[in-house]
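S.K.: Got a predicted structure here, sequence first:
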Amino acid sequence: MKYDSTFFKIIVIFSYFINIILAENSYYIVSIQRTKKDKNYDNSSKKVQIAIDQLVNDRLNDIYNLIEQYKDTYKLSNGKLDENLKELDLYFNNKNKRSNEENGVKRKFLFLNSNRPQNINLYKRSSEELIPIDSSLASPLCPVSNYYAVGVYLSDGLLDIVKSLPNIIGCDKSEFLKPSLSFEPGIPKNKYYDLNEIKKETNWTDVSVFLNDVYCNGDDLICNYNSHLSLISQGRKDYVSNVKYDNNFYYPSTAGKGIDIYLIDFGINLNHDDFDTYKGTADERSITVDAYFSKLKTNIIKDLSSYKCSGNYCFHGNMVTSISGGKIYGVAKKANLHMLEIDGYETSNINALDYIYQYGKPYKSVISMSLGGEGYNKVYDDKVQDLIKAGFTIIVSAGNEGESCCYPEDDENFIIPAGIKNVITVGATSSTVIQNINNAYRRAYYSNYGNCVDIFGPGTVIYASYGSQNEMEQASGTSCSTPIVAGVAASIMSEHPEIKYTNEMIRQKLIELSLKDILTDLKDDTPNRFLNNDKICFNNNYIKH
């Protein structure tokens, strides 16, 4: 594609002199499109894919050269050059040891893609020599819909220049998505249930019961530890002080078997007892850290024995994994659990989604994301839609601002990913741990709401402690209710392996099974639905205190 180079130079010069100020340098997600007529990248012919890859590499060369040319715009408030630009000295010095063009052969960089490794020979034109570069300033991310996303590190002074390049259709800052956590104040094994009656009620192939002991530090406390599990396997009941709440968790014995739950989160401690793989049994499963995604890079974890969580929110990753499918604290106790550790930025989220797109099993996979931030990002949205169309179920947290999370895309208050169309968005109810069980039926004060929130689940959980092999901790937030819903979704899939469940089918099934119009303190036009796994009858033989 040709373009007016004189006009481009004018834009470059104008932008440089107007914007040469000391300002913020940030990572951006840049969208590159060959033509609007292109199909989804993965559905295109090999010839078209190579043409797109070549175009993407050309634009990355343009951007990288601009970063070198206008590196003075990256100066910090102390007058020093941003240290992230140190790699320029290495790569440009090596490139310039020989002239950039010799005997008609141009020397260009080949920007390596750690998420989708390339064959260098496919990108090589006869008139070019490609120099591989593993850059932290500019790198391919992944195809999204019918365009390609790349990540680049830009100064404010260079932003408009990059936007003016040919084939650039979008440029959005890669924001940090924080965990959706909040904070709230926060075991006799008597068999008083009939398994045959439960099987009749639910039509489950078989029933399992997780016996929850009530652990108390005083006789006057209503403890309800692990009630995040028991609450979703029975109907609404107003309990009074002279009876004990049935804190058992009833669930189908398939329990997510054969289903993959992907947790896009902040790492995990695989050594906790909750992460039992049942090795050597008929229920053996995998619990892995598939990869670590940092800004522009994808690092596949090949040796789990040497893996160690590297971020500040490792406990959060432990929590979502434990609650979705842990042996002790989890819902889908037999599901395969995949941690995709991210650094929190949208670039790493997008690459993690693309990893699932490449390697996940459509109709047999659930994606759980307990994080969020403000501001709409079209690339993020489009990548989510790619996965939903391909047969993946995506469940996300509503967020903990205590406000609506259902703003239009052009509103600066848009909550991502909660407000993205077609995802299953989860709100949270109040804590029942060391508190009255009736709190379960009230929206938690921190939980976001709105007409895009599909369902509410318990907002306070007991989970596998990150710093121990066998201890537990407590957490609250829509971060907690989201993996509970993911676990129920996996259980539905495993109980009916003959059905190819789409995202919309899971949403409708969750709505069908939910307890309706029992929640209080909902606002606006928020749907009144509380999560249930299809076991709604009560056990009448309550135990007296």
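M.R.: Received the coordinates, thanks.
S.K.: burial measure for the closest residue to residue 73 other than its chain neighbours, as a count.
M.R.: Sequence neighbours aside, residue 157 is the residue nearest to residue 73 in space, at 3.3 Å (criterion: CB to CB, 6 or more residues apart in numbering). Bear in mind the C-beta positions are built from the backbone N, C-alpha and C, glycine included. Residue 157: 22 surrounding residues under other CB atoms under 10 Å.
S.K.: Just the C-alphas of whatever helix or strand residue 316 lives in, formatted as PDB.
M.R.: If you go by DSSP states H and E, residue 316 is part of helix 314-325. The C-alpha coordinates for helix 314-325 follow below in PDB (Å, rounded to 0.1, in the frame of the first residue of the first chain):
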ATOM      1  CA  CYS A 314       0.100 -14.700  44.100                       C
ATOM      2  CA  PHE A 315      -2.500 -15.200  46.900                       C
ATOM      3  CA  HIS A 316      -5.200 -14.000  44.400                       C
ATOM      4  CA  GLY A 317      -4.200 -16.600  41.800                       C
ATOM      5  CA  ASN A 318      -4.200 -19.300  44.600                       C
ATOM      6  CA  MET A 319      -7.700 -18.200  45.600                       C
ATOM      7  CA  VAL A 320      -9.400 -18.300  42.200                       C
ATOM      8  CA  THR A 321      -7.800 -21.700  41.400                       C
ATOM      9  CA  SER A 322      -8.700 -23.100  44.800                       C
ATOM     10  CA  ILE A 323     -12.300 -21.900  44.600                       C
ATOM     11  CA  SER A 324     -13.000 -23.000  41.000                       C
ATOM     12  CA  GLY A 325     -11.700 -26.500  41.400                       C
END
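S.K.: returning to what we had before: and the residue nearest to residue 73, how far from residue 75?
M.R.: The gap separating residue 157 from residue 75 is 10 Å, by CB to CB, to the nearest Å.
S.K.: now swap in residue 452 and tell me
M.R.: Distance from residue 452 to residue 75, counting by CB to CB: 42 Å.
S.K.: can you list the weak-confidence ranges in the protein?
M.R.: Along the chain, segments meeting pLDDT under 70 span 1-23, 94-105, 119-126, 183-225, 237-245, 434-436, 535-545.
S.K.: all helices of it, in order?
M.R.: Secondary structure of the chain (DSSP state H): helices at 5-19, 46-69, 87-95, 120-123, 156-163, 195-202, 227-230, 314-325, 346-359, 378-389, 478-495, 503-513.
S.K.: quick one: which of the ones you listed is nearest residue 267?
M.R.: Between residue 267 and the helices of the chain, the shortest separation by CB to CB is 4.4 Å, and it involves helix 314-325.
S.K.: Which strands or helices does the closest one pack on?
M.R.: Contact here means 3 or more CB pairs under 8 Å, 6 or more residues apart in numbering; DSSP states H and E; on that basis helix 314-325 packs against strand 260-265, strand 336-342, strand 460-464, strand 472-476, helix 478-495.
S.K.: Please identify the most buried of those.
M.R.: Mean neighbour count, computed with mean count of other CB atoms under 10 Å, is highest for helix 478-495 among these, reaching a mean of 30.
S.K.: Many thanks, we can stop here.
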